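Visitor: Got a predicted structure here, sequence first:
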Amino acid sequence: MIKDIEPLVKIPDYSLYITTIIVILISLILFFIVKNLKLKKQTIYDITLKKYQNIDFKNSKDAAYKVSKYSYILAKNQKSKEIQSQLLKELTKYKFKKNVPLFDSETIALYNLFLEVVTNE
């Protein structure tokens, strides 16, 4: 009989546990990333809506550019896009000029109508 050969040693196998933990962690990370992206989409719209509501009409040239910029983000359905196109036509008389008058009542009415349509979507 040979005495210097040791019997087989059982080595514990933790690979299944480690793999399970890694899969769970990756799935949690992906879940939070997807959830955060959905929230970010909503907050961009909400932030733009707040900026649109708080436009200062004292500087009509700057306000015209801001209304144009924010209206592209806010217009979603057909009705809001139609009102947006009318509003953009009205705003052309306040853009591209050195001195511009204050907004007239028709432009402000279109602005308020667009705001009402967008907030009720």
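Guide: Sure, I can see it. Numbers count the residues shown, from 1 in each chain.
Visitor: For stretch 60-74, which residues meet the burial criterion?
Guide: Neighbour-count burial for stretch 60-74 flags 60, 61, 63, 64, 66, 67, 68, 70, 71, 74 (criterion: 16 or more other C-beta atoms under 10 Å). Heads up, the C-betas are built off the backbone N, CA and C, glycines and all.
Visitor: TSV for these, including distance to residue 87, secondary structure and pLDDT?
Guide: Output for the buried residues of stretch 60-74, formatted as TSV (distance: C-beta to C-beta, whole Å; DSSP: H, G, I helix; E, B strand; the rest coil; pLDDT from 0 to 100):
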residue	distance to residue 87	secondary structure	pLDDT
60	14	helix	88
61	16	helix	90
63	12	helix	91
64	10	helix	91
66	12	helix	93
67	7	helix	92
68	8	helix	92
70	11	helix	93
71	6	helix	92
74	11	helix	90
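Visitor: which of these lies closest to residue 50?
Guide: residue 70 (9.9 Å; C-beta to C-beta).
Visitor: isn't the closest one right next to residue 53, touching?
Guide: No. In this structure residue 70 lies outside contact range of residue 53 using C-beta atoms under 8 Å: 9.5 Å.
Visitor: out of everything not next to it in sequence, what's closest to residue 87?
Guide: Nearest non-adjacent residue to residue 87, counting by C-beta to C-beta, 6 or more residues apart in numbering: residue 110, 4.5 Å away.
Visitor: Output the below-cut-off pLDDT ranges for this protein.
Guide: The chain contains residues with pLDDT under 70 at 1-2, 42.
Visitor: Mind jotting down where the helices sit in it?
Guide: 15-53, 60-74, 78-91, 105-119 (DSSP state H).
Visitor: tell me the most buried of those helices?
Guide: Greatest average neighbour count among the helices of the chain goes to helix 60-74 (a mean of 18), per mean count of other C-beta atoms under 10 Å.
Visitor: Which strands or helices does that one pack on?
Guide: helix 15-53, helix 78-91, helix 105-119 (3 or more C-beta pairs under 8 Å, 6 or more residues apart in numbering; DSSP states H and E).
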